[in-house]
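J.: Need coordinates for the below:
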Amino acid sequence: MSALDKYIVTDHDVLVIGAGGAGLRAAIESSAHGARTAVICKSLLGKAHTVMAEGGMAAAMGNVDDRDNWEVHFSDTMRGGGYLNNPVMAEHHAREAPARVRELEAWGAVFDRTKDGKILQRNFGGHRYPRLAHVGDRTGLEMIRTLQDHGVHQGLDIFMEMTVVALLTSGGRVVGALGYDRERGRMRVWRAGAVVLATGGIGKAFRITSNSWEYTGDGQSLAYHAGAALMDMEFVQVHPTGMVWPPSVRGILVTEGVRGEGGVLRNSEGRRFMFDDIPDLYKNQVAKDEEEGWRYVCGDKHAQRPPELLTRDHVARCINREIKAGRGSPHGGVFLDIGWIKERLPNAREHIKKKLPSMYHQFMQLAGVDITTEAMEVGPTTHYVMGGVRVDGHTQMSNVPGLFAAGEVAAGLHGANRLGGNSLSDLIVFGQRAGEHAAKFAKDAPSREVDVGQVEAETRRALESFDRPQGENPYAIQSDLQDTMQDLVGIVRTQKEMELALERLAALRARAAKAGVAGHREYNPGWHTAIDLRNLLTVSEAVARCALERKESRGAQFREDFPNKSDECSKYNNVVRKGADGSMILERELLPPMRSDLKAIIEKMK
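T.: Below you'll find the predicted structure:
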């Protein structure tokens, strides 16, 4: 009898963990290259967090403004990322996004259209020209529908409602994964020649977030504990506009598309406060007054963008400043007003409902607010992590052979701050690349047998909370962790608070080691939470340590004690690895050199 007989064992060439945009696109590409491909999703197929992406996918197709091209998109992405981006990834993304969008169209995606039948593109923060291909404000949902419909005909094996607890390694490479089905708790082993991580972000480490329940840092933690390096983890994007009222919906995303269609931000005094603070990098790209801003929204090529369409990090800090100064809305936010366009458009109500159907429905049903006539109350919400698994810019493979990563779980493309809309195109550009190279790796380096000893050790770790039925409730530990990160490593950071956060995280880790769950493995959400704690603690420590090390303010990182950019800090990325003794080791890595032709593009676009 084999030691693996008590596990459900499956064999594939490529195993994709995550079924959002990046995961499905990777699986489709892997299968197209002849690899036997499996997809594991934590929830049901079609329920991935990608469906919550609303505004659109950035691709320099030039359908609305023919001045747009890949060079402008590349330059915008690098500028938005504080020039800490991997330029190779930024180039691939800018060059390949249009083809990936047209591919989705060929597979059945139904985009909004220009009058002459081209894919319509809208304005978005940080993008010089209208660049986001979109489907109303439901673009992520259309992407998942299209990829899912196409993917199910490619012979993929889909494993729904499964959680992966460890990556399996042998001979210095990844050879599969260990996990369980969330319904019955049966342990499973997936043997594979290559693994693609596409698990998304870490938002549930914070109290207020737009992220769904799955975003507990699984992929980042799995990679870290398997020996992969994590990079840029200090850069956690706080989206400027999440719902703030009622409390039950606080943090739910309010798409940037509202501002792209003409929505404006006002404080309690009725002032458009974004005009008060224009960063030097963008002074020559922002409207001089409200009139010019409206002309830009309407497509005037001679007008500059309104300040509401500056980068997310800047808009979020401006909103935070107004709230702290006592100029916020009644429930602790500011006002986002799209209904004001009735002063400019005779059919404004119908126009808003057509362009922003999900936002209209969301506010009407959840807050009792008609956005065509009333201003929305919005405030910052934890939204996205720019950091993640450090990968090769061409292949998406990590420093662990056979382990690939794509989408939000991977680092490099966005640098210190992501531009709105670059996420969805990131998924399909690098999902495709990861799937292609994972399939090639699996073909060239066939899978080895899994280490049974590792399987059994990781199984014991996954089940150990059942040995402590009287232990502390894992929900209480998760709740305290979220408060720690929200309060001490949030939108405004200081050395003293982050050092306190690290002390609290160490205490939380000790508590997690004593957490217990009662009952059995079937339908046991307490057990799922106990397993999530390891991931949440790992990524939270990485965020805090990297943020403490970076003694400057850049992109999504704002240090109140170091409010300016530092020339020294502009030269490196923070990288963390797991040490031999289990401790987290942080190192500075110099930025990869940029080709001279890419430097010239950036200079030309300034």
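J.: so where do the helices sit in the stretch 1-150 of the chain?
T.: For the stretch 1-150 of the chain, the helices defined by DSSP state H, counting those that start in this stretch cover 21-32, 70-80, 87-106, 139-151.
J.: quick one: low-confidence parts of the stretch 451-600 of the chain?
T.: Applying pLDDT under 70 to the stretch 451-600 of the chain flags no residue at all.
J.: which residues of the stretch 151-300 of the chain fall in helices?
T.: Counting by DSSP H, counting those that start in this stretch, the helices of the stretch 151-300 of the chain are 218-225, 257-260, 290-297.
J.: Redo those helices as TSV? Include mean pLDDT, distance to Met89 and mean neighbour count.
T.: Just so you know, the C-beta spots here come from the backbone N, C-alpha and C atoms, and that holds for glycine as well. Converted to TSV, the helices of the stretch 151-300 of the chain look like this (pLDDT from 0 to 100; distance: least, Cβ to Cβ, whole Å; neighbours: other Cβ atoms under 10 Å):
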stretch	mean pLDDT	distance to Met89	mean neighbour count
helix 218-225	98	17	27
helix 257-260	90	25	27
helix 290-297	93	29	18
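J.: Compare these and report which one is nearest to Asn574.
T.: Among the helices of the stretch 151-300 of the chain, helix 218-225 comes nearest to Asn574, with 13.7 Å by Cβ to Cβ.
J.: what does that closest one contact?
T.: 17-18, 42, 163-164, 166-167, 177, 197-200, 202, 230, 233, 385, 388-389, 398, 400, 403, 405, 409, 532, 534-535, 538-539, 542, 576-578 (Cβ atoms under 8 Å, 6 or more residues apart in numbering).
J.: picking up where we left off before, out of the helices of the stretch 1-150 of the chain, which one sits most buried?
T.: helix 21-32 (a mean of 29; mean count of other Cβ atoms under 10 Å).
J.: what about it, distance to the chain center?
T.: 18 Å (Cα atoms, centre = their mean, to the nearest Å).
J.: Would you format the helices of the stretch 151-300 of the chain as TSV with distance to Ser358 included?
T.: Compiled in TSV, these are given as follows (distance: least, Cβ to Cβ, whole Å):
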stretch	distance to Ser358
helix 218-225	27
helix 257-260	9
helix 290-297	20
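J.: Compare the ones you listed and give me the one nearest Phe159.
T.: Comparison of those against Phe159 by Cβ to Cβ identifies helix 218-225 as nearest, at 14.6 Å.
J.: For the closest one, C-alpha coordinates in PDB please.
T.: The C-alpha coordinates for helix 218-225 follow below in PDB (Å, rounded to 0.1, in the frame of the first residue of the first chain):
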ATOM      1  CA  ASP A 218      -2.500  32.400  -0.600                       C
ATOM      2  CA  GLY A 219      -0.300  32.500  -3.700                       C
ATOM      3  CA  GLN A 220       2.200  34.900  -2.200                       C
ATOM      4  CA  SER A 221       2.500  32.800   0.900                       C
ATOM      5  CA  LEU A 222       2.600  29.500  -0.900                       C
ATOM      6  CA  ALA A 223       5.500  30.800  -3.100                       C
ATOM      7  CA  TYR A 224       7.400  32.300  -0.200                       C
ATOM      8  CA  HIS A 225       7.300  29.000   1.800                       C
END
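J.: Compute the inter-axis angle for that helix and helix 21-32.
T.: 70 degrees (axes from the mean of the first three to the mean of the last three Cα atoms, to 10 degrees).
J.: The helices of the stretch 151-300 of the chain: which one's closest to Arg588?
T.: Closest to Arg588 of the helices of the stretch 151-300 of the chain, according to Cβ to Cβ: helix 218-225, at 17.8 Å.
J.: and Thr298, how far is that from Asn417?
T.: Slight slip there: residue 298 is Cys, not Thr. Look at Cys298 and Asn417: by Cβ to Cβ, to the nearest Å, they are 27 Å apart.
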